[in-house]
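S.K.: what follows is a predicted structure for the sequence shown.
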Amino acid sequence: MRLRTVWRIGRIAGIGVAIHPSWLIIYVLFAWSATVAVRYFDADLNEVNSIVLGLIASLVLFASVVAHEFAHALVARRLGIPIEGITLFLFGGVASILREPPSPAAELAMAAAGPALSLVLAAVFLLISVAVHALHWTWGWTFCVFLAAANGMLAVFNLLPAFPSDGGRILRALLWMHKRSQARATGTASVVSLVVAVCLAGCGLYFVLGEHEYRGVWWMVIGSFLAQAAMTSARQARVDLALEQLSVRECMLTKLIPVPADTTVGEFIGEIAGLPGAAYPVVRAGVLVGIADVRQTAGIPLQRWPSTPVSAIMSPLGAPPLREEASARDALAALHDSGRSELPVFEAGVLVGIITQEAIFRALHARKTSVLAAARP
């Protein structure tokens, strides 16, 4: 999930922390709710003490939310998955993880880290409340008991099987282990998430029609958010499944036109490049040294075309090569991770093709068109 307008407040352990403007809404609402809720823990608190306790408890709880997201982020970083940052927004917090986990075990570890830390924090605040109660400090006891309950509720809420929440990701990891397909697991988890979202919204409507209107509205908002996220995940799962079922062999470019490394950019553009479906391995003394693409010439001024060799603009070898039986989904991930526009495909040490993002989606579109044509009466 990516939030556009954010206020960056700093970095912790090398991970950026930011606040989305919508966080101010939930902070005000939660501070007010906390001010009311603490009266249930201690009916003798006066209005000023209740307000101060509610405001401070809200800040500490959101610090707990940040810690919850940091648990996800630190586990992801240990697994080698890059983290963009953590953002507080209307529904709590989100850690922006830039790549899907490589295995169901990795996803399970990442997803479970947040709720586990929230449960630990709940236990810590509960133990502190016991110690504070022994000192007969009512204000401190109320503060700690409230934060223990809030962190416990945060853990329970996040464990709801509603993708992409933590519980939904745990469910997907377990389904992934069973189905041996992340895309199929995502599709099933999205359906379960949609059911949970509808149930939450339905409960919210019940409360709206009953006596607790404010709670019902909030549940309806959360249900709507989760339903939208579930439908988005389901659409992405369908694309991912199609990519999983498409092999590199079916979409790679096999019309390979070797280009000598000393060929000038002018010669490359004017005499060689431009054939549809062709790829251009760059060779020097018969040895493959890189891959050339017409787009790589964009930064070269026209007057330098006659003097600039293709070897100056090619993508050198170095990224892990792909194999023909790999899925198009794996190929897209490899292209993204390498930051390249094309990657070589080798079999038994021999270059057999070149894969590009355009070639993958062209093959995907062709397969979809053929399926639709076959389905027509």
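M.R.: Okay, I see it. The model shown is predicted, which means the values in this text are computed figures rather than measured ones.
S.K.: please make it C-alpha for all contacts and neighbour counts, starting now.
M.R.: Fine.
S.K.: ok, the nearest residue to Leu159 once chain neighbours are set aside - contacts?
M.R.: Spatial nearest neighbour of Leu159, excluding adjacent residues (Cα to Cα, 6 or more residues apart in numbering): Gly167 at 3.8 Å. Counting by Cα atoms under 8 Å, 6 or more residues apart in numbering, Gly167 touches 111-112, 158-161.
S.K.: how about the strands in the stretch 101-250 of the chain?
M.R.: Using DSSP state E, counting those that start in this stretch, no strands are assigned anywhere in the stretch 101-250 of the chain.
S.K.: report the separation between the residue nearest to Leu159 and Ala279.
M.R.: From Gly167 across to Ala279, the span is 44 Å (Cα to Cα, to the nearest Å).
S.K.: ok, now Arg180?
M.R.: Distance of Arg180 to Ala279, computed by Cα to Cα: 33 Å.
S.K.: the two: who's more crowded?
M.R.: Taking neighbours as other Cα atoms under 10 Å, Arg180 and Ala279 compare with Ala279 leading, 27 against 14.
S.K.: remind me which residues of the chain are low pLDDT?
M.R.: 1-6, 42-43, 90-93, 211-215, 273-274, 276, 319, 369-377 (pLDDT under 70).
S.K.: residue ranges of each domain in it, please.
M.R.: Here the domain assignment for the chain is 7-244, 249-375, based on automatic domain parsing.
S.K.: deepest-packed of those, please.
M.R.: Stretch with highest mean neighbour count among the domains of the chain: domain 7-244 (a mean of 19; mean count of other Cα atoms under 10 Å).
S.K.: got the end-to-end distance for that one?
M.R.: With Cα to Cα as the measure, the first residue of domain 7-244 is 38 Å from its last.
S.K.: I'd like to know how far Ala173 sits from Ala333.
M.R.: Between Ala173 and Ala333 the distance is 19 Å, computed by Cα to Cα.
S.K.: and the contacts of Gly167, which is closest to Val283?
M.R.: Minimum distance to Val283 across the contacts of Gly167 is 46.1 Å, recorded for Ala111 (Cα to Cα).
S.K.: surely that closest one touches Asp166?
M.R.: Yes: applying Cα atoms under 8 Å as the test, Ala111 and Asp166 come out as touching, 5.0 Å apart.
S.K.: give me the element Val36 is part of.
M.R.: Per DSSP states H and E: Val36 is located in helix 22-41.
S.K.: quick one: contacts for Ala155?
M.R.: 114-116, 118-119.
S.K.: for Ala73, give me its contacts.
M.R.: Here Ala73 is in contact with 83, 95, 97, 110 (Cα under 8 Å, 6+ apart).
S.K.: from one end of stretch 248-268 to the other, what's the distance?
M.R.: Distance between the two ends of stretch 248-268: 27 Å, counting by Cα to Cα.
S.K.: cool, and stretch 278-295?
M.R.: With Cα to Cα, one end of stretch 278-295 sits 14 Å from the other.
S.K.: list the beta-bridge partners for Thr87.
M.R.: Taking DSSP bridges as the rule, Thr87 bridges to Ala18, Val94.
S.K.: mind checking how far it is from Met220?
M.R.: In this structure, Thr87 and Met220 are 23 Å apart, going by Cα to Cα.
S.K.: likewise for Pro104?
M.R.: Pro104 is 31 Å from Met220, by Cα to Cα.
S.K.: can I get the contacts of Ala155 in JSON lines with distance to Val265?
M.R.: JSON lines is the format used below for those (distance: Cα to Cα, whole Å):
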{"residue": "Gly114", "distance to Val265": "52"}
{"residue": "Pro115", "distance to Val265": "56"}
{"residue": "Ala116", "distance to Val265": "57"}
{"residue": "Ser118", "distance to Val265": "58"}
{"residue": "Leu119", "distance to Val265": "61"}
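S.K.: and which of those residues is nearest to Val130?
M.R.: Nearest to Val130 among the contacts of Ala155, with distances taken as Cα to Cα, is Leu119, at 16.7 Å.
S.K.: and the gap between the closest one and Phe143?
M.R.: Leu119 sits 17 Å away from Phe143, going by Cα to Cα.
S.K.: now Val287
M.R.: Distance from Val287 to Phe143, counting by Cα to Cα: 71 Å.
S.K.: circling back to that earlier point, pick out the most distant pair among the contacts of Ala155.
M.R.: Spatially, the most separated pair among the contacts of Ala155 is Gly114 and Leu119, at 8.8 Å (Cα to Cα).
S.K.: contact partners for the residue nearest to Thr35 when sequence neighbours are not counted?
M.R.: Distances taken as Cα to Cα, 6+ apart put Gly54 closest to Thr35, at 4.3 Å, once the chain neighbours are dropped. When contacts are counted by Cα under 8 Å, 6+ apart, Gly54 is found next to 31-36, 38.
S.K.: and the angle for whichever helix or strand comes after the helix holding Val36 with helix 22-41?
M.R.: Per DSSP H and E, helix 22-41 leads on to helix 47-78 as the next helix or strand towards the C-terminus. Between helix 47-78 and helix 22-41, the angle comes out at 120 degrees (axes from the mean of the first three to the mean of the last three Cα atoms, to 10 degrees).
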